[in-house]
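Participant: Just need the structure, nothing else, for what follows:
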Amino acid sequence: MLRWGIVGTGDISDRLVSDLLAIGGEIRAVWGRTADRASDFAARHGIPSSTDERSALFSRDDVDVVYIATPAVTHAAITLEALDAGKHVLVEKPIATSAADAERLFARAAEANRFLMEAMWMRFNPLHVEIIDRIAAGELGAIRSVRASFGTPFFPRPGKARPEDGGSILRDRGIYPVTVAHWFLGEPCTLDARGVISDGVDLSGHATLEHPGGAFAQLAWSGVDFLDLSAAISGERGWITLDPMFWAGSDARVHAGSAERIFREPEQVRHPRVGNGYGPMLEAVTVAIESGLREHPWHDAATTISITRTLDRILADFSSGSR
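Facilitator: Presented below is the predicted three-dimensional model:
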């Protein structure tokens, strides 16, 4: 069994660690910004060691893989520290704040012969796995459009309000709609984006991504108001709706197969979430590392870099003028 170290003591770490322990994961140490935060987190989860020195965690012989959940702007630097110390790494999304940095991280992981993955847990959700497989099998025919949005009011917290502290709403929430679009349409040829920026922080936005043959994605995200939290994938033979919250939900409706199914009684697909929903990803990462893989084929380097490049292009488009 892999032995884990945890970097970060916030809400996401709290939820992921609970799921890691539930699947039998062994956690040896945790790092926090202060010794008190680290020790409190360790006591709450039964972790035997805590520290406020990352080098102390990364130098441990009894830690094989680290999970990083710190402010987004720190992800790249801390990931490099961990890789240089010989650790496998699972890092919260976004893996980095630019595609160039993401490329550097995966290049370093390859040099170090270590596993690296962005923690896009949505890709491993059994609901999404089934929908992806069914669409890949041709149930909807050729995919022509994707629609997805993620908007909920965001209340800035210390360390989260400024862009230099990783405050981008696109990279925090918009990454989910962009990722769904990439699953079914790939990287866009062109895009048009609009957004609201305040004091250098992108607060909300929407974009149309254009693909060959007229296929497109319409995406939106916001940290200042609510948007519809569902998503839909449409093709030549029907469409599938992912119910709210599409990135973490349990239900979908398949409108395909017959006139009755399309218009009146769509097939209901349900995969109840277990725990906080991180278990399938953690199990997949464990199997990948123990099998000697250095990327996971479902969310590999090429996929992660491509999505990050689209995020870069969206930000560049709507921050290039006064909109």
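
Participant: what packs against the helix ranked longest in the chain?
Facilitator: For the chain, the longest helix by residue count, based on DSSP state H, is helix 301-319. Contact partners of helix 301-319 among helices and strands, from 3 or more Cβ pairs under 8 Å, 6 or more residues apart in numbering; DSSP states H and E: helix 99-112, strand 116-118, helix 175-185, strand 190-198, strand 201-210. (C-beta placed from N, C-alpha, C; glycine too.)

Participant: What is the neighbour count of F58?
Facilitator: Close neighbours of F58, defined as other Cβ atoms under 10 Å, add up to 21.

Participant: Now it: closest residue in space that isn't a chain neighbour?
Facilitator: Residue nearest to F58 in three dimensions, not counting chain neighbours: A85, with 3.7 Å by Cβ to Cβ, 6 or more residues apart in numbering.

Participant: Give me the pLDDT value at P297.
Facilitator: Looking at P297, its pLDDT stands at 98.

Participant: got the contact list for it?
Facilitator: For P297, no residue counts as a contact, taking Cβ atoms under 8 Å, 6 or more residues apart in numbering as the criterion.

Participant: which residues in the stretch 1-150 of the chain form strands?
Facilitator: Along the stretch 1-150 of the chain, the segments classed as strands by DSSP state E, counting those that start in this stretch run 3-7, 26-31, 49-51, 65-68, 88-91, 116-118, 143-151.

Participant: Just name the most buried of these.
Facilitator: Of all the strands of the stretch 1-150 of the chain, strand 116-118 has the most neighbours on average by mean count of other Cβ atoms under 10 Å, namely a mean of 28.

Participant: related to what we said a few turns ago, mind putting the strands of the stretch 1-150 of the chain into TSV with distance to W247 and mean pLDDT?
Facilitator: Supplementary listing: the strands of the stretch 1-150 of the chain in TSV, determined by distance: least, Cβ to Cβ, whole Å; pLDDT from 0 to 100:
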stretch	distance to W247	mean pLDDT
strand 3-7	23	98
strand 26-31	25	98
strand 49-51	31	98
strand 65-68	19	98
strand 88-91	18	98
strand 116-118	14	98
strand 143-151	7	98
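
Participant: Using a markdown table, lay out those strands together with distance to L229.
Facilitator: Rendered in a markdown table, the data for these read as follows (distance: least, Cβ to Cβ, whole Å):
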| stretch | distance to L229 |
| --- | --- |
| strand 3-7 | 29 |
| strand 26-31 | 32 |
| strand 49-51 | 36 |
| strand 65-68 | 26 |
| strand 88-91 | 25 |
| strand 116-118 | 22 |
| strand 143-151 | 6 |
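
Participant: So what touches stretch 33-40?
Facilitator: Contacts made with stretch 33-40 from outside it, assessed by Cβ under 8 Å, 6+ apart, are listed as 9, 30-32, 50-52.

Participant: and what of stretch 60-70?
Facilitator: 2-8, 10, 12-13, 16, 20, 28-29, 49, 57-58, 75, 78-79, 82, 87-92, 115, 119, 285, 289.
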